[in-house]
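J.: when you get a sec, could you give me coordinates for this:
(one chain, ligands or ions: 1)
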Amino acid sequence: MRSLSCVLLLAVAGSAIAAEPARHVAIVAAHLVAPEQGRVIDHPVVVVDGERIREVRTDGVVPDGYERIDLGNATLLPGLIDVHVHIASDPTFASDNYYKDILTLGSIDAALVAPTLAKRTLDAGFTTVRNLGSGAYIDVSLRNAIDRGQLPGPRILASTLALGATGGHADDDTGFSPDIEFRGESGVVDGVDAIRHRVRENVKRGADVIKFMASAGVLSNEQSVGAPQYTQEEMNALVDEAHRWGRRVAAHAHGAEAIKMAIKAGVDSVEHCSLIDDEGLKLAKQRGTYLDFDVYNDDYILSEYGKLGVPQAQIEKEKFVGRTQRESFRRAVKAGEKMAFATDAGVYPHGWNAKQFAKMVEWGMTPMQAIQSATTNAADLLGWSDKVGAIKPGLYADFVAVDADPLANVAALEHVSFVMKGGAVVMAHGVHP
Ligand code: ARG
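T.: Numbering: from 1, shown residues only. Below is the predicted model:
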């Protein structure tokens with residue numbers, strides 16, 4: 001009975017949102033970056049019906065009956081996409097006591113901060129994110145609340161619980177006394193059959209994508225930072241199962257061997273890629289695997305994580321992979337790999353996502369390539385090229401605008417002056433309507 005009234009309530013709320021009249025707006029700007037064409041269009045008029053783009057005009061005409069939104073001298077771009085975030089955690093919500101936080105904060109605490117983090121992300125111009133791991137299916141509930149129009153936030157592709165081996169990067173118990181065990185549903189799973197079951201369970205709970213730990217990691221208590229943590233058979237089964245259910249797969253991997261194993265298993269993207277070797281680059285290119293490097297992260301971890309009381313062993317692991325990761329990034333750019341914009345925000349503050357653009361340019365991308373990684377390429381990796389990542393007819397009216405030229409200085413993207421999601425203004429010059 002109670003659950004029925006709950007369903008009814010939601011239905012009413014849902015219909016109230018759907019009943020809002022569709023807005024007809026035309027956005028006028030000085031320039032438009034069209035990443036899918038690798039060029040800039042001057043004096044665009046972007047015509048929007050409801051949540052979708054109707055057309056991009058270059059004759060300066062705002063059609064009759066359309067509300068004009070004039071962005072003056074600004075440059076318009078597609079809403080930005082970050083393919084690797086953790087939307088339910090953030091270092092700005094951590095204390096200076098790593099162990100106290102682990103022992104006193106649970107998944108409900110994480111769920112309560114997630115909407116704030118989602119809003120920071122959207123205000124920073126990231127209108128779509130792929131959440132690669134959070135506990136208790138927080139990302140599914142958050143995604144659904146945002147989609148129902150009940151919370152402001154980006155479009156979310158949710159991975160739910162990240163899968164990983166006992167004692168590995170996804171195992172919260174690692175490094176604690178055997179007398180301590182963290183409760184709650186976990187992505188820790190070993191062996192082919194159990195992995196297939198866990199993938200199905202994630203899909204059943206609402207996962208859009210499957211994330212797993214192919215290798216050890218930095219911010220966890222296992223000794224290695226790059227060693228493989230699943231066998232080839234386990235990775236093969238995981239990818240086979242996920243793909244059968246129509247879900248793409250993202251593999252966390254720092255080490256060269258684990259990266260190659262994940263690519264051979266058929267993952268759609270490798271995350272971090274820190275120690276990738278030439279053979280790995282070649283394999284990724286052959287298979288069309290996306291390589292997603294979180295190249296800003298190292299700066300934040302090395303400057304801030306000591307203050308959060310993070311164990312020194314983890315910081316030493318970061319020192320080991322951080323620098324090499326940027327060199328690997330440069331090699332990947334040179335090799336012409338498919339690359340998408342992935343920050344791992346959550347490790348560093350949400351809303352700072354765009355700080356990574358300047359790093360990508362510093363380490364070998366052109367500003368246009370960096371922008372493409374967060375639009376055209378990211379949408380392709382998500383399987384959402386028909387929804388987001390470009391300003392063209394039929395796609396969602398998701399835009400950002402910046403006052404400076406992002407192709408001259410890509411760091412301009414750190415200060416968006418306008419954000420629209422699905423035809424609705426999210427923010428204009430710091431003001432939320
Ligand atoms: N979540 C990742 C890990 O713990 C963060 C790695 C960050 N370091 C880096 N250089 N990208 O392994």
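
J.: send the alpha carbons of stretch 189-199 over as PDB?
T.: The C-alpha trace of stretch 189-199 is given here as PDB (Å, rounded to 0.1, in the frame of the first residue of the first chain):
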ATOM      1  CA  VAL A 189      34.000 -11.000  -6.800                       C
ATOM      2  CA  ASP A 190      36.300 -13.800  -7.900                       C
ATOM      3  CA  GLY A 191      36.000 -16.500 -10.600                       C
ATOM      4  CA  VAL A 192      34.200 -16.700 -13.900                       C
ATOM      5  CA  ASP A 193      30.700 -17.700 -12.700                       C
ATOM      6  CA  ALA A 194      30.600 -15.300  -9.800                       C
ATOM      7  CA  ILE A 195      31.700 -12.500 -12.100                       C
ATOM      8  CA  ARG A 196      29.000 -13.300 -14.700                       C
ATOM      9  CA  HIS A 197      26.500 -13.200 -11.800                       C
ATOM     10  CA  ARG A 198      27.800  -9.900 -10.500                       C
ATOM     11  CA  VAL A 199      27.500  -8.300 -14.000                       C
END
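
J.: for the ligand, see how far away Asp298 is.
T.: Asp298 is 4 Å from the ligand, where distance means Cβ to the nearest ligand atom, to the nearest Å. Where you see a C-beta, it was placed from the backbone N, CA and C, and this is true even at glycine.

J.: list the contacts of Gly422.
T.: By Cβ atoms under 8 Å, 6 or more residues apart in numbering, the contact set of Gly422 is 51, 396-398.

J.: no, scratch that, I was asking about Met427
T.: 123, 416, 418-419.

J.: mind running it again at 6 Å?
T.: Counting by Cβ atoms under 6 Å, 6 or more residues apart in numbering, Met427 makes contact with 123, 419.

J.: for the host helix or strand of it, list every residue counted as buried.
T.: Using DSSP states H and E, Met427 maps to strand 424-428. In terms of neighbour count (16 or more other Cβ atoms under 10 Å), strand 424-428 has its buried residues at 424-427.

J.: hang on, the earlier thing: which among the contacts of Gly422 end up buried?
T.: 51, 396-398.

J.: for the residue in the chain that the ligand sits nearest to, give its distance to Gly168.
T.: In the chain, the residue that lies nearest the ligand is Gly217 (3.1 Å; Cβ to the nearest ligand atom). Relative to Gly168, Gly217 is positioned 8 Å away (Cβ to Cβ, to the nearest Å).

J.: could the buried residues of strand 424-428 go into CSV alongside distance to His31 and pLDDT?
T.: Shown next, in CSV, are the buried residues of strand 424-428 (distance: Cβ to Cβ, whole Å; pLDDT from 0 to 100):
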residue, distance to His31, pLDDT
Ala424, 23, 96
Val425, 19, 96
Val426, 21, 96
Met427, 20, 93
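
J.: so which of the residues you listed is the closest to Thr92?
T.: Of all the buried residues of strand 424-428, the one with the least separation from Thr92 (Cβ to Cβ) is Met427, at 19.6 Å.

J.: can you pull up the bridge partners for the closest one?
T.: Beta-bridge partners recorded for Met427 (DSSP bridges): Val419.

J.: secondary structure element holding the residue lying closest to the residue of the chain closest to the ligand once chain neighbours are set aside?
T.: In space, Gly217 comes closest to His169 once its chain neighbours are excluded; the distance is 3.7 Å by Cβ to Cβ, 6 or more residues apart in numbering. In this structure, His169 sits in neither a helix nor a strand according to DSSP H and E.

J.: wait, what's in contact with His169?
T.: By Cβ under 6 Å, 6+ apart, the contact set of His169 is 213, 216-217, 220.

J.: of all the residues you listed, which comes closest to Ala379?
T.: Out of those, the member with the shortest distance to Ala379 (by Cβ to Cβ) is Met213, at 25.4 Å.

J.: not counting sequence-adjacent ones, nearest residue to that closest one?
T.: Per Cβ to Cβ, 6+ apart, closest to Met213 is Gly164, 3.6 Å.

J.: and that neighbour, its phi and psi?
T.: phi -170, psi 160 (degrees, to the nearest 10).

J.: what parts of the chain come near the ligand?
T.: Within reach of the ligand by Cβ under 6 Å from any ligand atom, the chain has these residues: 217-219, 272, 294, 297-298, 301, 318, 321-322, 325, 344, 347.

J.: out of the residues you listed, which are inside strands?
T.: His272 (DSSP state E).

J.: quick one: which of the residues of the chain next to the ligand has the most company?
T.: Highest neighbour count within the residues of the chain next to the ligand: His272, with 31 neighbours (other Cβ atoms under 10 Å).

J.: so what's the closest residue to Ala30 other than its chain neighbours scoring on pLDDT?
T.: Nearest residue to Ala30 in three dimensions, chain neighbours excluded: Asn73, at 4.8 Å (Cβ to Cβ, 6+ apart). If you check Asn73, the pLDDT there is 97.

J.: quick one: the helices in the stretch 51-200 of the chain?
T.: For the stretch 51-200 of the chain, the helices defined by DSSP state H, counting those that start in this stretch occupy 98-104, 107-123, 138-147, 192-204.

J.: Throw the ones you listed into TSV and include mean pLDDT and mean neighbour count, thanks.
T.: TSV is the format used below for these (pLDDT from 0 to 100; neighbours: other Cβ atoms under 10 Å):
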stretch	mean pLDDT	mean neighbour count
helix 98-104	96	12
helix 107-123	98	19
helix 138-147	98	20
helix 192-204	98	18
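
J.: thanks again, I'm all set now.
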